[in-house]
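In: Below: sequence and its predicted model.
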Amino acid sequence: MTTEERIEEMLHHAHERGYYTEVMTKVRELDQTHPKMNFYDRWELAYQIAKQKFYENQSPGELTR
């Protein structure tokens, strides 16, 4: 799987779960705060941060849907 395909997969998953906007916001933040960070690393980190925050804010019943 190429890195572009991986990013597309992450965004699709984030959209399905409801934290797509958070990923996009975090990518923009990282672009401003870490301009020399590798492009793909930035997307991966933004996705992981948004995903972690999303699951921390879910009640156990919501996770099984």
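Out: Great, that's in hand.

In: The top helix by length along the chain: how far from the chain's middle?
Out: Using DSSP state H, we find that the single longest helix of the chain is helix 39-56. Distance of helix 39-56 from its chain centroid, counting by Cα atoms, centre = their mean, to the nearest Å, is 4 Å.

In: what does that helix contact?
Out: The contact list for helix 39-56 (Cβ atoms under 8 Å, 6 or more residues apart in numbering) reads 3, 6-7, 10-11, 14, 17-19, 22-24, 26-27, 29-31, 34, 37, 63. C-beta coordinates here come from the backbone N, C-alpha and C atoms, glycine included.

In: Just the buried ones from those residues?
Out: Buried residues within these, counting neighbours by 16 or more other Cβ atoms under 10 Å: 7, 10-11, 14, 19, 22-23, 26-27, 30.

In: so who does E22 touch?
Out: Taking Cβ under 8 Å, 6+ apart as the definition, contacts of E22 comprise 14, 50, 53-54.

In: Could you identify the most distant pair in the residues you listed?
Out: Greatest spacing in the contacts of E22, by Cβ to Cβ: A14 and K53 (11.4 Å).
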